[in-house]
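Colleague: build me a structure from this.
(chains A and B)
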There are 2 protein chains.
Amino acid sequence: MTATPSSTGRIYGVGVGPGAADLMTVRADRLIRAARRLAYFRKAGNPGQARRIVDGMAPADAVELPMDYPVTTEIPFADPRYGAMLSAFYADCAGELRRLAEAGEDVVVLCEGDPFFYGSFMHLYVRLKADVSVEVVPAVTGMSAAWTASGVPATWGDDVLTVVPATLPESTLARRAADTDALVVMKVGRHLETVRRALDAAGRLNAAWLVENAAMPEERIRRLADTTDRAAPYFSIVLVHGEGRRP
Amino acid sequence: MTATPSSTGRIYGVGVGPGAADLMTVRADRLIRAARRLAYFRKAGNPGQARRIVDGMAPADAVELPMDYPVTTEIPFADPRYGAMLSAFYADCAGELRRLAEAGEDVVVLCEGDPFFYGSFMHLYVRLKADVSVEVVPAVTGMSAAWTASGVPATWGDDVLTVVPATLPESTLARRAADTDALVVMKVGRHLETVRRALDAAGRLNAAWLVENAAMPEERIRRLADTTDRAAPYFSIVLVHGEGRRP
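Modeller: The predicted structure follows:
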């Protein structure tokens, strides 16, 4: 939590959690219900997952500030144009939030999951924190919702948990999967086949679960080895549970 | 979430989050405020951290079922007596919860942090789930509260996060710290000196933060390298932030 006095308005980076509205924190719930301005990222043309989660909670007269990603999966991360477009986009969004804060307005920025755990809000936060009052509200992560939905505890005793984004190379995923007790693979989406091959190479495929849309109405849980899908929904996590000390 | 019809009462394993009452989920808040029976672990003679967090929320007439650990740090984990004592204790606690559920009573079991992430409730859960209706409510973890309190995002882009208990051998901690982007060390407490040496050996000491009692009134954040303490409070986390892709 950082707060500096140079702006009179405040930017709140509020984690809305994994998907169910009642898995939001009480602090997030209060801030959203009282918000005069709500900002959120979305893929252009989509309503945005964070915004969907707060349907029915946000005041009807709140001003909404959707922030449409200029690119999502159309250009690979490695392409320099990807970085340049995103950088300009985040600078624009941060500039708009700074102007509002300097004009004395508070803005609640809705963040899927926990804001400081692989979240887009971090790109605004680092551009604002030096001269704008910013408060971050942590949240239940998608991975907590996933292991809860699986009905099996994630980590016991001395278990090591490794969290890897599925965007890493297959050989890296395999090495990581072979060298941990519990494993969480984030951002599975289009990388499902890569993740399946990596876990097979690591000898962990038969212990792995694919959890799609945890804590949402579309929640679905399968053994990864039983799937043949080439891709999974964006909000999918692959999970291997730890087997540590349990008296 | 598991629910079987063989008991008429239900056991709720409710994560109360990292420490601040308003960082509880709305679902947890509702369950606790409506509870007729509240169970919680504690070290004998202490009020118990989970119980403390819900002070002022729990109904005054709720029946309280404290579960006093027969041993915490008096006997090493590796000692067979430790496992035997804990096993008997968890079996007793689970038996009492089963009797209540079979008698038609609901019980809310308060869990620090997230129940399925290094939590004691898991030891009851595995003893009950086959024949008792059990519902688990995920929560904000202590590590989310710690990185939020640090004011620095934890994981960016392709960062790998490794979570290790400080109870592991020093050489294992050092190897893990050297082979990850972001690092979270749980259960630091009495192991602070070991953790400091391990991070130094891994070349990560100067990037590490010690976060004590995150999201609690006693919250305190220091660079690990600036500390000379031999031990930290039980609710302490050592944190190294990721430095991944950020357009």
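
Colleague: phi first, then psi, for the residue lying closest to A:F89 once chain neighbours are set aside.
Modeller: Once flanking residues are discounted, A:F89 sits nearest to A:P70: 5.0 Å by C-beta to C-beta, 6 or more residues apart in numbering or on different chains. Yep, even glycine has a C-beta here, placed from its N, CA and C like the rest. Comment: the main-chain dihedrals of A:P70 come out as phi -70, psi -20, following degrees, to the nearest 10.

Colleague: now stretch A:184-194: buried residues?
Modeller: Of the residues in stretch A:184-194, those with enough neighbours to count as buried (16 or more other C-beta atoms under 10 Å in any protein chain shown) are A:V184, A:V185, A:M186, A:K187, A:V188, A:G189, A:H191, A:L192, A:T194.

Colleague: quick one on the thing from earlier: for the residue nearest to A:F89, give me its contacts.
Modeller: A:A44, A:M85, A:L86, A:A88, A:F89 (C-beta atoms under 8 Å, 6 or more residues apart in numbering or on different chains).

Colleague: okay, buried residues for the longest helix that chain A contains please.
Modeller: Ranked by residue count, the top helix of chain A under DSSP state H comes out as helix A:80-102. Buried residues in helix A:80-102, defined by neighbour count with 16+ other C-beta under 10 Å: A:Y82, A:M85, A:L86, A:F89, A:Y90, A:C93, A:A94, A:L97, A:R98, A:L100, A:A101.

Colleague: mind listing residues that contact it?
Modeller: The set of residues that contact helix A:80-102 without belonging to it, under C-beta under 8 Å, 6+ apart, is A:7-11, A:37, A:39, A:65, A:67, A:69-71, A:75-77, A:107, A:109, A:123-124, A:127-128, A:131-133, B:245, B:247.

Colleague: now the angle from the helix or strand following that helix to helix A:80-102?
Modeller: Toward the C-terminus, helix A:80-102 is succeeded by strand A:107-111 as the next helix or strand (DSSP states H and E). For strand A:107-111 and helix A:80-102, the angle between their directions (axes from the mean of the first three to the mean of the last three C-alpha atoms, to 10 degrees) works out to 150 degrees.

Colleague: extract the C-alpha set from the longest helix of chain A and format it as CSV.
Modeller: What follows is helix A:80-102, C-alpha atoms only, in CSV (Å, rounded to 0.1, in the frame of the first residue of the first chain):
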residue,chain,number,x,y,z
PRO,A,80,8.8,-5.5,-30.6
ARG,A,81,5.5,-4.0,-31.8
TYR,A,82,3.7,-5.8,-29.0
GLY,A,83,5.7,-4.2,-26.3
ALA,A,84,5.5,-0.8,-28.0
MET,A,85,1.8,-0.9,-28.4
LEU,A,86,1.2,-2.1,-24.8
SER,A,87,3.6,0.5,-23.4
ALA,A,88,1.8,3.4,-25.2
PHE,A,89,-1.6,2.0,-24.0
TYR,A,90,-0.6,1.7,-20.4
ALA,A,91,0.9,5.2,-20.5
ASP,A,92,-2.3,6.6,-21.9
CYS,A,93,-4.4,4.8,-19.2
ALA,A,94,-2.1,5.9,-16.4
GLY,A,95,-2.3,9.5,-17.8
GLU,A,96,-6.1,9.5,-17.7
LEU,A,97,-6.1,8.1,-14.1
ARG,A,98,-3.5,10.7,-13.0
ARG,A,99,-5.6,13.6,-14.5
LEU,A,100,-8.6,12.3,-12.6
ALA,A,101,-6.7,12.0,-9.3
GLU,A,102,-5.2,15.4,-9.7
